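Provided below for reference: sequence and predicted model.
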Amino acid sequence: MSYNRSNSQRSRRTITVIIREDANDVKYHHNGVNALQFDPIEKRLYSAGRDSVIRAWNVGNSSLAKHQLTTHSMEHHCDWVNDIVLCMNGKNIVSASSDCTVKVWNVSRGFCMSTLRTHRDYVKCLAYASHRQQVASAGLDRQIFLWDVGKLLQLTATNNTINTQNLLGAADSIYSLDMNPIGTVCVAGTSQNTILAWDPRTQNFLCTLKGHSDIVKTVVLSPDGTKVLSGSSDGYIKLWCLGQQSCIETFTFHHPTSVWNILTDPGFTTMYSADRDGCVFQTDLTGVCPVAPSSTLSAGGAAADEDDDDNLFTFGRQIIKEQNPILSMQFGDIERKSLWIATTAPHVNKWDIPSENATVNFEDDDEGRYETIPGARETPQTAHYFCSGDKPVYTIAGKPSLMRHHVVNNKRHVLTQDSLGVVCKWDVLLGRKESVIGKVASFDEEIKRHFQFIFVPSWFSVDLKTGYLCVHVDELDCLHSWVPIKELGLKQRFSDGPEPDKVHYTCLLLQALLERWPPSSAMRMTLEHHNNTSHMSPLQAHSHSQGHHPHHGEREAAGGESHHSDVNSPHALRSQPTWAIITSPCPTTLFS
């Protein structure tokens, strides 16, 4: 394990144990899916989950059973994975997470190649310029870093220094980011309702676009870098001209709630927009008018949008209705006739896109769920309808996420209730689910039923942010877990001497984890050599049993920022199981 051993103000060390139901549990998402990437050549879908895992799905083989769709899972983050981009012609993935890191992955082998720790807060979004092989990362720390993917892939345990460029000028948290393929423009949507633009080649700030009245949740650049589509929590979608720094069109009737995602075809002729209500609209962009004369340039290089009725664009159609807020969309094939859609639910749906001549059934919203947006024209195109009767053509199923928990006062068991209302009992000391209680009338009554007349000091904390049961053991809190053995009816294991009067809960937890720690590759090689050389003398056997030892390195980033990176060389021999992830200075994370 790697710990920060600085003598001055070192960070407190924490072990996080994520307890899963069984070995196949990792094959399914247990929380919402924040991002999708689709490889049309390999016909493989990549999904980044709020359960901290990136999964690869073999969606091109329809003969496989649903539990066989997962080709592999990429585990190295210890918080939500907020965004991913597929790089180097599908050979690598770059991911951004709420654990404040950016990671580079080998897709074919499914392992983390390096970890970049330049960000100081949640990393919310990524952008990729495919022609330049450049990735931009941004988040709540108001920083945008540019990374050369080719140089990231060349990092090794000895060649561990890389320069990063920073786009300056963002004074607010960044929630969305995009670059055009040739890497001439980078745009960002901020929490202050603005859109910022830079030239990544020179790191020069270009302009600020103003016009939204809430957080800009999604931005999409045209391939030539001259136009920008932006979607906001104010329910509006705007099309901007970067050359004149002005708003071309305001799409008003589409979304009565927050717009969370926008997807366009490579020609920037068709837009698909999704909102918090689960609605997906298709809009033809070829009929968009030239720059509106009503849009003017404000002082300081900021484009001001005037809400003029002549500048409202209202044509489009709703094609999909999901049951949950939509977080990400990707085309499902090369012909772009279908969409993969990820929501706050743990499953991913594939929908066919209706043809232009197809008849789509709509029903009026009699309950007034959709309100007319002020300023929108009251034409037949602006009346609010929702689609009914359509279903996805395929669903990658997930598993229910844990929603509630209670630590029983014996400080050993935890009661949880998932999104379906099922209550389970977990044994923290053994790191496993002890029993399934089922659906109950009242979770509070179930808590009272498990109450015991016993006092055990608190030695761990629990959270369900990822949808799993996460047990956090702090290096100071764990010292409080001495408990009389007679009072609990436990037996101390692996004790050579007389049985002690007290037992340490943290020791029992670590024993349960380490019992399942598989032997390292070096140890397996040693055992194999020992079996093969059993006829040799002890000295000969010892000489033949020497093998390579696993190593762990750190990488430093130049440019005024330093970060540590976990090295997983293809030639390195793993000394930890697949369920163990060591991060530093982040908490040590063990998956059970």
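Looks like it arrived, so ask away. Residues are numbered from 1 along each chain as shown.

only C-alpha atoms for contact and neighbour calcs from this point on.
Noted.

what about the stretch 1-150 of the chain, any weak spots by pLDDT?
1-11, 62-68 (pLDDT under 70).

who touches the nearest residue to Val228 once chain neighbours are set aside in this structure?
The spatial neighbour of Val228 that comes closest, neighbours along the chain excluded (C-alpha to C-alpha, 6 or more residues apart in numbering), is Leu221 at 4.6 Å. Under the criterion of C-alpha atoms under 8 Å, 6 or more residues apart in numbering, the contact partners of Leu221 comprise 178-180, 187, 227-229.

swap in 10 Å and give it another go.
Counting by C-alpha atoms under 10 Å, 6 or more residues apart in numbering, Leu221 touches 177-181, 185-187, 227-230, 239-240, 242, 264, 268.

just the ones of those residues in strands?
Counting by DSSP state E, these place 177-179, 186-187, 227-230, 239-240, 264 in strands.

what is the nearest of these to Pro256?
Of all these, Ser230 has the smallest distance to Pro256: 15.5 Å, by C-alpha to C-alpha.

and the gap between the closest residue in space to the closest one that isn't next to it in sequence and Ile437?
Nearest in space to Ser230, with sequence neighbours left out and distances taken as C-alpha to C-alpha, 6+ apart, is Val219 at 4.4 Å. Applying C-alpha to C-alpha, to the nearest Å, one obtains 46 Å for the distance of Val219 from Ile437.

between those two, who's got more neighbours?
A side-by-side neighbour count of Val219 and Ile437, using other C-alpha atoms under 10 Å, places Val219 first with 26 against 14.

quick check: PyMOL command selecting the buried ones in the contacts of Leu221.
PyMOL command restricting these to the buried ones, with burial defined by 16 or more other C-alpha atoms under 10 Å:
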select buried, resi 177+178+179+180+181+185+186+187+227+228+229+230+239+240+242+264+268
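
list the buried residues for stretch 91-107?
92-107.

before we move on, what about stretch 32-45?
Neighbour-count burial for stretch 32-45, with 16+ other C-alpha under 10 Å as criterion, is recorded at 32-39, 44-45.

can you tell me the SS state at Glu445?
Following DSSP: H, G, I helix; E, B strand; the rest coil, we place Glu445 in the helix state.

beta partners of Val187?
Note on Val187: beta-bridge partners by DSSP bridges are Asp178, Ala197.

Asn180 is in contact with that one, correct?
Yes: using C-alpha atoms under 10 Å, Val187 is in contact with Asn180, at 9.2 Å.

mutual contacts of these two, please.
Contact with both Val187 and Asn180 is made by residues 127, 220-221, 225, according to C-alpha under 10 Å, 6+ apart.

top of those by neighbour count?
When neighbours are taken as other C-alpha under 10 Å, the top entry among the shared contacts of Val187 and Asn180 is Val220 (28 neighbours).

just list whatever residues bridge to that one.
Counting by DSSP bridges, Val220 is bridged to Leu229.

wait, Ala138 touches Tyr122, no?
Yes: in this structure, Ala138 is within contact of Tyr122 by C-alpha under 10 Å, at 8.6 Å.

more neighbours: which of those two?
With neighbours defined as other C-alpha under 10 Å, Ala138 and Tyr122 compare such that Ala138 has more, 27 against 22.

residues contacting that one?
Applying C-alpha under 10 Å, 6+ apart to Ala138 gives the contacts 96, 102, 119, 121-127, 144-146, 167, 173-177, 188.

in strands, which of these appear?
Counted as lying in strands by DSSP E, out of the contacts of Ala138, are 96, 102, 123-127, 144-146, 167, 174-177, 188.

excluding chain neighbours, what is closest to Gly231?
Ranked by C-alpha to C-alpha, 6+ apart and with sequence neighbours excluded, the top spatial neighbour of Gly231 is Ile237, at 4.6 Å.

also Val53?
Glu75 (5.2 Å).

so the most centrally placed residue in the chain bridges to which residues?
By C-alpha atoms, centre = their mean, the mean C-alpha position of the chain lies nearest to Val81, the distance being 1.7 Å. Listed beta-bridge partners, Val81: Ser97 (assigned using DSSP bridges).

what about Gly150, how many neighbours?
13.

how about the secondary structure of it?
The three-state assignment at Gly150 reads helix, by three-state DSSP.

mind checking how far the nearest residue to it once chain neighbours are set aside is from Val149?
Across the structure, with C-alpha to C-alpha, 6+ apart as the measure, the residue nearest Gly150 apart from its sequence neighbours is Gln133 (6.8 Å). The gap separating Gln133 from Val149 is 6 Å, by C-alpha to C-alpha.

who touches both of those two?
87-88.

picking that back up, overlap in contacts, Ala138 and Tyr122.
When contacts are counted by C-alpha under 10 Å, 6+ apart, Ala138 and Tyr122 are jointly contacted by 96, 173-174.

low-scoring stretches of the protein, by residue?
Counting by pLDDT under 70, the chain contains low-confidence residues at 1-11, 62-68, 253-254, 289-315, 357-389, 484-500, 516-592.

spell out the residue ranges of the helices in it.
In chain order, the chain shows helices spanning 149-153, 443-449, 485-488, 505-515, 521-532, 538-544, with DSSP state H as the criterion.

ok, Arg109 - contacts?
Residues touching Arg109, when contacts are defined by C-alpha under 10 Å, 6+ apart, comprise 72-74, 91-92, 570.

hmm, back to that, can you list the shared contacts of Val187 and Asn180 in JSON lines and add distance to Ala56?
As requested, these are arranged in JSON lines below (distance: C-alpha to C-alpha, whole Å):
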{"residue": "Ala127", "distance to Ala56": "20"}
{"residue": "Val220", "distance to Ala56": "25"}
{"residue": "Leu221", "distance to Ala56": "27"}
{"residue": "Gly225", "distance to Ala56": "31"}
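
which one of the residues you listed is nearest to Ser461?
Sorting these by distance to Ser461 puts Ala127 at the head of the list, at 35.7 Å, by C-alpha to C-alpha.

and Phe145, what are its bridge partners?
Beta-bridge pairing of Phe145, defined through DSSP bridges, involves Ser137, Asn166.

so how far is Ser461 from it?
Distance, Phe145 to Ser461, by C-alpha to C-alpha: 34 Å.

next one: Met74
Computed as C-alpha to C-alpha, the Met74 to Ser461 distance reads 26 Å.

the two - which one has more neighbours?
For the pair Met74 and Ser461, the greater number of neighbours falls to Met74 (20 against 14), based on other C-alpha under 10 Å.

I'd say that one and Phe111 touch.
Yes: Met74 is within contact range of Phe111, at 6.2 Å (criterion: C-alpha under 10 Å).

what distance do you get for the residue nearest to Val228 to Gly398?
According to C-alpha to C-alpha, Leu221 and Gly398 sit 32 Å apart.

cool, Asn31 as well?
Summarising the geometry, the distance separating Asn31 from Gly398, computed by C-alpha to C-alpha, is 8 Å.

joint contacts of those two?
Contact criterion C-alpha under 10 Å, 6+ apart; residues shared by Asn31 and Gly398: 345-347.

list just the nearest of those residues to Gly49.
Of all the shared contacts of Asn31 and Gly398, the one with the least separation from Gly49 (C-alpha to C-alpha) is Pro346, at 8.0 Å.

I'd say Gly235 and Pro256 touch.
Yes: when contacts are counted by C-alpha under 10 Å, Gly235 is listed as touching Pro256 (5.6 Å).

please consider this matter closed, and thank you.
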